[in-house]
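In: just the structure for this:
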Amino acid sequence: MTLLEVKNVSKEYVPGVKALSDINFSIQQGEIVSIIGPSGAGKSTLLRCLNRMIDATEGEIIFDGVNVLKLKKQELRNLRREIGMVFQHSNLVDRLTVMENVLHGRLGYTSTIKGMFGIFTKEDKQEAEKIIQMLGLSEQINQRADSLSGGQQQRVGISRALIQQPKLILADEPIASLDPSSSRVIMDYFKDINQQMGITVLLNLHQVDVALKYSDRIIGVNGGKIVFEGLPSQVSQETIQMIYGADAEQLIMNVGE
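Out: This is a model prediction of the structure:
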């Protein structure tokens, strides 16, 4: 079943200058797909168009049968419940605890007033505890976010996305700021979430070797255009050269290690 379909999507921040140009791809329910490409290729712009953090200039984005670009305010709020977002720097509230940050993932399900005062249901709190335990953060549940390591903060960010009970998780460079050990932990969690919970995952990654190891499919982006789409086994040195250009040599060495 097709969960996400992107048709002829373009984005212009400045009239006449396309950050994305005629993007077309689809994601099947239950897949884990990585978008790779050099810095400035348009990967983050693309991900943010999918849940309308920014609006595409042209095209269609069909999520679970609904045209995202046509949704009004409340309809869009409802849609975002089903699309979890994980950011490079986790975007936590430093002064709040792990539990409080995770519960922020339920804000789309509660009233503005209750959200402002941090009033959540018993069921929400029980589910938050369950997810926090699953992500290996039980001992940190009452710690402030700013006391955590980078890897722990990213796991809180993933927990916050999971408590939304999403059909799709978008992850924008989720391991870019982490050391290799922490990166492996985070990617293992994404794989587990995908395989054990059946949640579809779409990641932006700069690390080609990581993308090849964890993904069902690879989408290569350069200059705001898709220049490759295929299986990890189809990614050759020539493919990496085509996607990354001058930056390809070091990436090819890393993949070969």
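In: which residues of the stretch 51-200 of the chain fall in helices?
Out: For the stretch 51-200 of the chain, the helices defined by DSSP state H, counting those that start in this stretch occupy 73-81, 98-103, 112-116, 122-134, 150-162, 180-197.
In: next, format those as JSON lines and append mean pLDDT and mean neighbour count.
Out: For every residue, glycine as well, the C-beta is placed using N, CA and C. Shown next, in JSON lines, are those (pLDDT from 0 to 100; neighbours: other CB atoms under 10 Å):
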{"stretch": "helix 73-81", "mean pLDDT": "89", "mean neighbour count": "13"}
{"stretch": "helix 98-103", "mean pLDDT": "94", "mean neighbour count": "24"}
{"stretch": "helix 112-116", "mean pLDDT": "67", "mean neighbour count": "11"}
{"stretch": "helix 122-134", "mean pLDDT": "94", "mean neighbour count": "16"}
{"stretch": "helix 150-162", "mean pLDDT": "96", "mean neighbour count": "24"}
{"stretch": "helix 180-197", "mean pLDDT": "95", "mean neighbour count": "16"}
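In: could I get these as CSV with distance to Ala56?
Out: CSV is the format used below for those (distance: least, CB to CB, whole Å):
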stretch, distance to Ala56
helix 73-81, 13
helix 98-103, 30
helix 112-116, 27
helix 122-134, 31
helix 150-162, 22
helix 180-197, 25
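In: burial measure for Arg52, as a count.
Out: 16 (other CB atoms under 10 Å).
In: how close does it get to Leu148?
Out: Computed with CB to CB, to the nearest Å, the distance linking Arg52 and Leu148 is 30 Å.
In: same question for the one helix or strand Leu202 maps to, mean pLDDT?
Out: Take DSSP states H and E as the rule and Leu202 turns out to sit in strand 200-205. Averaging pLDDT along strand 200-205 gives 97.
In: by contact count, what packs against it?
Out: For strand 200-205, the packing partners by 3 or more CB pairs under 8 Å, 6 or more residues apart in numbering; DSSP states H and E come out as strand 2-14, strand 17-28, strand 32-36, helix 43-50, strand 168-172, helix 180-197.
In: pLDDT value on Gln237, please?
Out: With respect to pLDDT, Gln237 has a value of 89.
In: scratch that, Gln88 is what I was asking about
Out: 87.
In: look up phi and psi at it.
Out: phi -60, psi -40 (degrees, to the nearest 10).
In: pretty sure it contacts Leu170?
Out: No. Between Gln88 and Leu170 there is no contact under CB atoms under 8 Å: 11.9 Å.
In: between the two, which one's more packed in?
Out: Legend: neighbour count by other CB under 10 Å for Gln88 and Leu170, higher for Leu170 (25 against 17).
In: before we move on, back to that, just checking, next helix/strand downstream of the strand holding Leu202?
Out: Following strand 200-205 in sequence order, the next helix or strand is helix 208-214 (DSSP H and E).
In: need the overlap of contacts for Gln88 and Leu170.
Out: In the contact map built from CB atoms under 8 Å, 6 or more residues apart in numbering, no residue is linked to both Gln88 and Leu170.
In: ok, back up a step: can you list contacts of the strand holding Leu202?
Out: Contacts for strand 200-205 (CB under 8 Å, 6+ apart): 3-4, 27-36, 43-44, 46-47, 50, 167-175, 190, 193-194, 211, 215.
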